[in-house]
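# Model the structure of this input:
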Amino acid sequence: MSKPVISADSHIAEPPNCYIDFIDPKFRDRAPHMVEHEQYGDIYVIDGLEKPVPMGLVAAAGRKPEELKASGMKFADLPRSSWDAKYRVADQDRDGVAAELIYPTVGMMLCNHPDIDYQVACFDAYNRWLEGYVADAPAGRLFGLGQVALRSVDEGIKELESAKQRGFVGVMMTGNPPESDYHDPMYDPLWEAAIDLDLPLSFHILTSKADSLTKQRGPKINSFLAIMRGCQDILGTFVFGGVFERHPRLKVVCAEADAGWVPHFIYRMDHAYDRHRYWMKCPPLEKMPSEYFQSNIYLTFQDDWTAFRHRDEMNPRRLMWANDFPHSDSTWPWSQEVLAEHTKDLSAEEKDWILHDNVVECYNLRI
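Residues are numbered from 1 along each chain as shown. Okay, the predicted model is just below:
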């Protein structure tokens, strides 16, 4: 690689004090917290959500497939680099990664919390904690993405401004807004604020009501194939809803939903618009849907070799590789071996785009 490799989607394992110590005091008694469960090991309990977050797969990068299990893990046994930035660089170096964009873990589950006031308090707490976490790492190694609850458009704009002030390079949105869906023109001031602040909007898998690892047909493993559907629905909402037509400089990031499916997806979008737009209503578009998709949407992926193989059938300037550290689906610590195999047919320029340049351009980084 001629340039430093950047992971466009990595995570942290929120430590036990993440929410309790940083949340608005009036929510402290209800703050997400970690408890020891006799059967499941250490788990994060979230008031208002039926299912807790077990620590078993939160930081399981590098384990053999037969060693992966959701429960039975103590937080103390997780790699310290998963929650302590001072230890992170050593694991980055081991994986040949020069920098990472940081997403939450527990915070992903909070995206579907039914109480918007509680969600706002939790996101604020996480953002306060994340600001300190990023600051503990050497400059240029960790870049934070703030979480936005979007209780109202005006408040959402303030959340964007706060994220920028904290030094975050982007924000992670919830899969489902509390009011109208994202194509509603009511959100236009928010999109313009994101453009003015140069903050890309990220939508991550498992943060939408359409995502689930527990509701599926057939064996449980079948659910793994469906977790990208929520992101696809969001992207279609932005394209067909005319959001990118009204805001051509808006950047949207589809995180961890792979990218090999894009060539067929954008063909299908164009087919739907060309053939069915008069009875399946949507606003008239000046361009074909695929053009908006390929211009405004960035996609992150790990070991999706089909994304590399079919890069010319989408826009290779919008593809961003990631290692997903420290989650169970991570390519750490084998990322360099994976990339050597998956990029062997790419030109040096294409490698630079997908492993470095596109991330730098998207988030206006200096690496």
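# For the protein, just list every one of the helices.
17-20, 88-95, 106-110, 116-135, 153-165, 188-197, 229-240, 243-246, 262-276, 289-296, 305-309, 335-342, 348-352, 358-363 (DSSP state H).
# Can I get these in CSV including mean neighbour count, mean pLDDT and distance to residue 74?
To be clear about C-beta, it is placed using only N, CA and C from the backbone, and glycine gets the same treatment. Putting the helices of the chain into CSV (neighbours: other Cβ atoms under 10 Å; pLDDT from 0 to 100; distance: least, Cβ to Cβ, whole Å) gives the following:
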stretch, mean neighbour count, mean pLDDT, distance to residue 74
helix 17-20, 22, 98, 16
helix 88-95, 18, 97, 19
helix 106-110, 22, 97, 16
helix 116-135, 21, 98, 21
helix 153-165, 18, 98, 33
helix 188-197, 18, 98, 40
helix 229-240, 21, 97, 31
helix 243-246, 20, 98, 44
helix 262-276, 16, 98, 40
helix 289-296, 21, 98, 43
helix 305-309, 18, 98, 35
helix 335-342, 16, 98, 27
helix 348-352, 15, 97, 39
helix 358-363, 22, 98, 34
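# just so I know, which of those lies nearest residue 71?
helix 106-110 (15.6 Å; Cβ to Cβ).
# Convert that closest one to CSV, retaining C-alpha atoms only.
Extracted in CSV, the C-alpha atoms of helix 106-110 (Å, rounded to 0.1, in the frame of the first residue of the first chain):
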residue,chain,number,x,y,z
VAL,A,106,-24.2,-0.2,23.0
GLY,A,107,-25.2,3.0,21.3
MET,A,108,-26.3,1.0,18.2
MET,A,109,-29.0,-0.7,20.4
LEU,A,110,-30.0,2.7,21.8
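# So which elements touch it?
For helix 106-110, the elements it packs on are helix 116-135, judged by 3 or more Cβ pairs under 8 Å, 6 or more residues apart in numbering; DSSP states H and E.
# that older thread, same list, the helices of the chain, but as CSV with distance to residue 255 please.
Compiled in CSV, the helices of the chain are given as follows (distance: least, Cβ to Cβ, whole Å):
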stretch, distance to residue 255
helix 17-20, 20
helix 88-95, 18
helix 106-110, 10
helix 116-135, 16
helix 153-165, 16
helix 188-197, 16
helix 229-240, 8
helix 243-246, 18
helix 262-276, 14
helix 289-296, 15
helix 305-309, 14
helix 335-342, 17
helix 348-352, 21
helix 358-363, 11
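# and of those helices, who's closest to residue 254?
helix 229-240 (4.9 Å).
# report the angle between the axes of the closest one and helix 289-296?
Angle of helix 229-240 versus helix 289-296, following axes from the mean of the first three to the mean of the last three Cα atoms, to 10 degrees, is 100 degrees.
# what's helix 229-240 in contact with?
Contacts to helix 229-240, defined as Cβ atoms under 8 Å, 6 or more residues apart in numbering, come from residues 175, 181-183, 203-211, 243-244, 252, 254-255, 257, 261, 265, 269, 273, 282-283, 285, 289, 292-293, 296-297.
# Repeat the analysis, applying 6 Å as the threshold.
Applying Cβ atoms under 6 Å, 6 or more residues apart in numbering, the contact partners of helix 229-240 are 175, 181-183, 203, 205, 208, 210-211, 254, 257, 282, 289, 292-293, 297.
# Any chance you could give me that helix in PDB, C-alpha atoms only?
What follows is helix 229-240 as a C-alpha-only set of coordinates in PDB (Å, rounded to 0.1, in the frame of the first residue of the first chain):
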ATOM      1  CA  ARG A 229     -31.800  -4.400   4.600                       C
ATOM      2  CA  GLY A 230     -32.400  -1.500   7.000                       C
ATOM      3  CA  CYS A 231     -29.600   0.500   5.400                       C
ATOM      4  CA  GLN A 232     -30.800  -0.200   1.900                       C
ATOM      5  CA  ASP A 233     -34.300   1.100   2.800                       C
ATOM      6  CA  ILE A 234     -32.800   4.300   4.200                       C
ATOM      7  CA  LEU A 235     -30.700   4.900   1.100                       C
ATOM      8  CA  GLY A 236     -33.700   4.400  -1.100                       C
ATOM      9  CA  THR A 237     -35.600   6.800   1.000                       C
ATOM     10  CA  PHE A 238     -33.000   9.500   0.400                       C
ATOM     11  CA  VAL A 239     -32.700   8.800  -3.300                       C
ATOM     12  CA  PHE A 240     -36.400   8.400  -4.200                       C
END
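# got the angle for that helix vs helix 188-197?
Using the same axes, to 10 degrees: helix 229-240 against helix 188-197 is 100 degrees.
# Test my guess that residue 59 contacts residue 81.
No - in this structure, residue 59 is not within contact of residue 81 by Cβ atoms under 6 Å, at 8.6 Å.
# picking up where we left off before, ok, which pair from the contacts of helix 229-240 is furthest apart?
205 and 282 (24.8 Å).
# which of the two has more neighbours?
Taking other Cβ atoms under 10 Å, residue 205 and residue 282 do not tie; residue 205 has more neighbours (22 against 17).
# Now the phi/psi pair for the more buried one, please.
Main-chain torsions, residue 205, degrees, to the nearest 10: phi -60, psi 160.
# residue contacts, it?
227, 228, 231, 256, 257.
# Please tell me which one of these counts the most neighbours.
Busiest of these [other Cβ under 10 Å] is residue 231, holding 28 neighbours.
# so how far is residue 175 from that residue?
In this view, residue 231 and residue 175 are 8 Å apart by Cβ to Cβ, to the nearest Å.
# And residue 331, by the same measure?
For residue 331, the distance to residue 175 (Cβ to Cβ) stands at 24 Å.
# Nearest spatial neighbour of residue 123, chain-adjacent residues omitted?
Excluding the flanking residues, the one nearest residue 123 by Cβ to Cβ, 6 or more residues apart in numbering is residue 147, at 4.1 Å.
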